[in-house]
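Asker: 3D, please:
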Amino acid sequence: MAAQSVRLNTTASNLANADSVSGTAANVYKPRHPIFEAVRAQLAAQGASESQPAVRVRGIYESTAAPSQRFEPGNPLADTNGYVYAPAVNVVEEMVNMISASRSYQNNVEVMNTSKDLLLATLRLGQG
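Answerer: Numbers count the residues shown, from 1 in each chain. Below is the predicted model:
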């Protein structure tokens, strides 16, 4: 769930900065994407020798894609040639990424709620 939360946050940041412009290519916003890593988390608390799969965020990758250059001589941020630079954010791709992350997060919440309900049902078996 934490990994999907980071994914949602970076996607939201990319979408929020999709229309931002800069006067130089070096200062333009660079889209960010999380890098996930599969890990095996030990169940040390239970003393079990088995491990369960998990995902963690290894880092945040900053895109190296070239920004788009637009001719806007009236823009106050334009360089001496009249160009402004926009980040290389693909809004459609980011929206698909956000929907996917949101669904993954919802699925994880549903699994946790189902596990909780099953545990409570198991505890109720001994009553009555």
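
Asker: A helix includes Glu94, no?
Answerer: Yes: remark: Glu94 belongs to a helix, assigned using DSSP: H, G, I helix; E, B strand; the rest coil.

Asker: that one reaches Thr11, doesn't it?
Answerer: Yes: here Glu94 reaches Thr11: they are 5.4 Å apart, a contact under C-beta atoms under 8 Å. No exception for glycine: its C-beta is placed from N, CA and C like everyone else's.

Asker: between the two, tell me which one has more neighbours.
Answerer: Neighbours were counted for Glu94 and for Thr11 using other C-beta atoms under 10 Å; Thr11 has more, 25 against 19.

Asker: how about the more buried one, nearest residue that isn't a chain neighbour?
Answerer: Counting by C-beta to C-beta, 6 or more residues apart in numbering, Thr11 lies nearest to Met98, which is 4.5 Å off, once chain neighbours are set aside.

Asker: residues contacting that neighbour?
Answerer: Neighbouring residues of Met98 by C-beta atoms under 8 Å, 6 or more residues apart in numbering: 8, 11-12, 15.
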